[in-house]
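>>> sharing a sequence plus its predicted fold:
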Amino acid sequence: MIDLKTLRENPDAVKKSQTARGESADLVDRVIAADEARRAAIVEFERVRAEQNSLSKSVGAAKGDEKTALLEKAKTLAAQVKEADAKKSEAESSARSELMNLSNLIDPAAPVGGEADFKVLEEIGSPRDFDKEGFAPKDHVEIGKALGAIDVERGAKVSGSRFYYLTGVGALLEFALVNYAISSAAKNGFIPVIPPVLVKPAAMEGTGFLGQAAENVFHLEKDDFYLVGTSEVPLAAYHMDEIIDAKKLPLRYSGYSSCFRREAGTYGKDTRGIIRVHQFDKVEMFSFCKPEEAQKEHLRLLEWEKDFLKAMEVPFRVIDVASGDLGSSAARKFDCEAWIPTQNAYREVTSTSNCTEFQARRLNIRMKDEEGTKPIATLNGTLVAIPRMIVAILENHQQQDGTVKVPQALQAFLGTDIFRPVSA
RNA sequence: GGAGGGCUCGCAUAGCGGCCGAGUGCACCGGUCUUGAAAACCGGCAAGGGAAACCUUCGAGGGUUCAAAUCCCUCGCCCUCCGCCA
């Protein structure tokens, strides 16, 4: 959520940000109006409340007729307080709900525009020339099947489309990726975490996933639980309603969890294979830091993502995501896109967002230093999203003979340097 | 699922419907003393809003009352015992 002071003092900046996102700028005026109503209601409530408090005290001391008279007066005041209290609560909740609809202020450095207006920051590694090598690359579905690593048919049989089984070396590859990710994150000060994946509405809302993104989250209506789409949610909410000692910052967590996504509105997109699925596992980096250090921390997260992809020996590029394609919480976002040979395209495999103070305000997380309590910033970044990384590895490291080379960094975890087709 | 017990300022606890936003101990911070430290003693020490007066918060939400940490109801969480299951 946006700081109300910023909003009051500089509404135009917020409007500009909303417009750049392709969202409502009028909402800004509505929030300001609701906030004014809220503050007026608070003033009125506090006025009658103070009067009641002092009157109440004199009631206790008074006796006889005097007491009767005071009691009479106190009763009418009590009614007034009750009414003012109700008005205050109503004004507060409507102000909050308007405010919660505002997206984060975008970083002015982010490119303005829609999904296609991203800026390529760098390209690392170069795609293989399969023509030159003299064979046509197979896609990950075909390779995965040959290796006995991926079973999409049975995934569909048991759970429907966009579900899959990882079997044999596919399952082992997940463990290797996770182990490599968690151990390299630990070297960078990340505390490994296995979080809950069912969370309460407050956690989901606080991280900003119940706005425009709401249609993509699974909701268990009977129990009012949400299935998280990323461990960013339980990691951010880990410190909900807490005040963190500034000396402990930056506080970094690496969460390993299953992630669930409805993928609403993606009919026909990526229907083949495991690029876009309803359930997958992911290792996520999450960082709490001082607001003034958030930009640097963001770049660090990006570096660690790049390190991971380099270690997978996969060609990729880094893009600066445009304003219209940021999630509601992100002020700026960088995506790493791996080269997928059979699609002849770069596809998103990891992503890192600087959410500045937006999520922390919604989740009521602050820090405390010598000067007092202050806002804190949150950032997140994917270390590895298993299915897409498996796609990138299988497709980029396939050999003409049907085997797949294992990136060196994973060999120790897998105990082999090559995957071979299993006999049918 | 059944039966109890609890949830108060970092921790542990006290708390009669008004003198309780709240006592005590420990921890922590500052000072006196000391060559230094410990001990002792003195002082400070929850959060939020507000320029301030003041207001809000004793798990959450309702209710009773002029007045609720204190009484009543609902919910949540934790603990103990029993049953069941991994």
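Thanks, I have it.
>>> tell me the secondary structure for the one residue in the stretch 301-424 of chain A that gets nearest to RNA strand B?
Nearest residue of the stretch 301-424 of chain A to RNA strand B (Cβ to the nearest atom of the strand) works out as A:T373 at 3.0 Å. Where C-beta positions appear, they are placed from N, C-alpha and C, glycine not excepted. Three-state assignment for A:T373 (DSSP: H, G, I helix; E, B strand; the rest coil): strand.
>>> so it touches A:A360, yeah?
No - counting by Cβ atoms under 8 Å, A:T373 stays clear of A:A360, with 11.7 Å between them.
>>> neighbour count for those two, which is higher?
Just comparing A:T373 and A:A360: by other Cβ atoms under 10 Å the higher neighbour count belongs to A:A360, 24 against 12.
>>> interface residues of the stretch 101-250 of chain A facing RNA strand B?
When proximity is defined by Cβ under 7 Å from any atom of the strand, the stretch 101-250 of chain A lies next to RNA strand B at A:I243.
>>> picking that back up, excluding chain neighbours, what is closest to the residue of the stretch 301-424 of chain A closest to RNA strand B?
A:R366 (4.8 Å; Cβ to Cβ, 6 or more residues apart in numbering).
>>> which residue is the nearest non-sequential neighbour of the residue nearest to the spatial centre of chain A?
Residue closest to the mean C-alpha point of chain A, counted by Cα atoms, centre = their mean, is A:E232 at 4.8 Å. Spatial nearest neighbour of A:E232, excluding adjacent residues (Cβ to Cβ, 6+ apart): A:N380 at 4.4 Å.
>>> for A:V228, same thing?
A:V197 (5.0 Å).
>>> I'd assumed A:Y226 was in contact with the one you found.
No - if you go by Cβ under 8 Å, A:V197 and A:Y226 don't touch, sitting 9.3 Å apart.
>>> residue of the stretch 201-350 of chain A closest to RNA strand B, please.
Residue of the stretch 201-350 of chain A nearest RNA strand B, by Cβ to the nearest atom of the strand: A:I243 (6.6 Å).
>>> tally of neighbours for the spatially closest residue to A:L210 that is not a sequence neighbour?
Of all residues not flanking A:L210 in the chain, A:M204 sits nearest, at 5.4 Å (Cβ to Cβ, 6+ apart). The number of residues packed near A:M204 is 23, by other Cβ under 10 Å.
>>> how near is A:M204 to A:Y238?
14 Å (Cβ to Cβ, to the nearest Å).
>>> between the two ends of stretch A:313-326, what distance do you get?
Its start and end residues considered, stretch A:313-326 measures 28 Å (Cα to Cα, to the nearest Å).
>>> tell me the gap between that stretch and the middle of its chain.
Its chain's C-alpha centre and that of stretch A:313-326 lie 16 Å apart, by Cα atoms, centre = their mean, to the nearest Å.
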